[in-house]
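K.L.:
After the sequence you'll find the predicted model.
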Amino acid sequence: QQKVQQSPESLTVSEGAMASLNCTFSDGTSDNFRWYRQHSGKGLEVLVSIFSDGEKEEGRFTAHLNRASLHVSLHIREPQPSDSAVYLCAMSPYSGGSNAKLTFGKGTKLSVKS
Amino acid sequence: GPKVLQIPSHQIIDMGQMVTLNCDPVSNHLYFYWYKQILGQQMEFLVNFYNGKVMEKSKLFKDQFSVERPDGSYFTLKIQPTALEDSAVYFCASSLDRNSGNTLYFGEGSRLIVV
C-alpha cells in the first residue's frame, strides 16, 4: 500500500516569502497527485492536481512532480496570512480512476506571519 | 464553488448506539465517498459509491458500517453499533466522474465522539 510522507510537519514563513512543502511516496503505483488545503474546521480545498512529471501552476500555487525520485512538492508564491492552513498531499492509484481512492499524507501546518 | 454539506457537524453518542451521518453532495455528481480522520492522523479512505452500489471499500470499512443513497436523497454513512475507535471526523466527498482531480469536492466533516 502506498505510503505518503510530508515534510516539514510545520512551517512558518513571512508574508511574501516563498513557501515550499514536500511530499514523498513509497512506490510508483500512483497516477494522479494533488495538493489540498484545509483551514481549521473546514473542508478540503483542492489547489493543484498533476498527472505528469514536471510543473503545474494554478495561480500562486505550483506543484512539481518527479516520479523517479518519488517526490511531489508545492510552492506557494507570495503567501498571505489567509494561506495559513494545513496542506495535504494526496495521490490515487492507476486503477479505478483518479478520484476513486486517495491516499493522504498527514499534512504540513503552514503559518504565514504578517 | 460547489458545496458538499454534512449533517451533523458534531455528534456525541454512547458506545453501542447507532449513528447516521448525512451528506448532501453536489447536485449533479454521481460518485460519492467517505473518509475517516482520527485526531492527529492522516485522512483515510473508507468507501466509494456509484449507481447505488459500493464500488470499493477499505479494511477500515467494518461490517458495522453501511452506506446508501435512497432515491437521490442524502448519501449516508451508518454505524451500528458504534465503538470507541469510531471516534473521528468523517468527511464526505462527491465527484462528477472518476478521473478529473478538480471535480472532487469535500464537505467540512462530521465530528463523531463515541463515549
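P.N.:
Good, I have the coordinates.

K.L.:
Please make it C-alpha for all contacts and neighbour counts, starting now.
P.N.:
Fine.

K.L.:
got the residue ranges for the strands in chain B?
P.N.:
Here chain B has its strands, by DSSP state E, at B:5-7, B:10-13, B:19-24, B:31-37, B:44-50, B:53-57, B:65-68, B:75-79, B:88-95, B:104-106, B:110-114.

K.L.:
any chance of these in CSV, with mean neighbour count too?
P.N.:
Converted to CSV, the strands of chain B look like this (neighbours: other Cα atoms under 10 Å in any protein chain shown):
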stretch, mean neighbour count
strand B:5-7, 21
strand B:10-13, 14
strand B:19-24, 21
strand B:31-37, 26
strand B:44-50, 22
strand B:53-57, 15
strand B:65-68, 18
strand B:75-79, 21
strand B:88-95, 26
strand B:104-106, 26
strand B:110-114, 20
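
K.L.:
By mean pLDDT, flag the weakest helix or strand of chain B.
P.N.:
Within chain B, no helix or strand scores below strand B:104-106, which has a mean of 90 by mean pLDDT, DSSP states H and E.

K.L.:
which non-adjacent residue is nearest the closest residue to chain B within chain A?
P.N.:
Nearest residue of chain A to chain B, counting by Cα to the nearest Cα: A:G43, 3.7 Å away. Using Cα to Cα, 6 or more residues apart in numbering or on different chains and skipping the chain neighbours, the partner closest in space to A:G43 is B:E108 (3.7 Å).

K.L.:
Then B:K78?
P.N.:
Distances taken as Cα to Cα, 6+ apart place B:T20 nearest to B:K78, at 4.4 Å, with adjacent residues excluded.

K.L.:
who in chain A is up against chain B?
P.N.:
Taking Cα under 8 Å from any Cα of the partner chain as the measure of proximity, chain A contacts chain B at A:32, A:34, A:41-46, A:49, A:96-107.

K.L.:
residue in chain B nearest to chain A?
P.N.:
Relative to chain A, the nearest point of chain B is B:E108 (3.7 Å; Cα to the nearest Cα).

K.L.:
Got a ChimeraX select line for the buried ones in the residues of chain A next to chain B?
P.N.:
ChimeraX command restricting the residues of chain A next to chain B to the buried ones, with burial defined by 16 or more other Cα atoms under 10 Å in any protein chain shown:
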select /A:32,34,43,44,45,46,49,97,98,99,100,101,102,103,104,105,106,107
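
K.L.:
I'd say the residue of chain A closest to chain B and B:S110 touch.
P.N.:
No - applying Cα atoms under 8 Å, one finds A:G43 not in contact with B:S110, separated by 10.2 Å.
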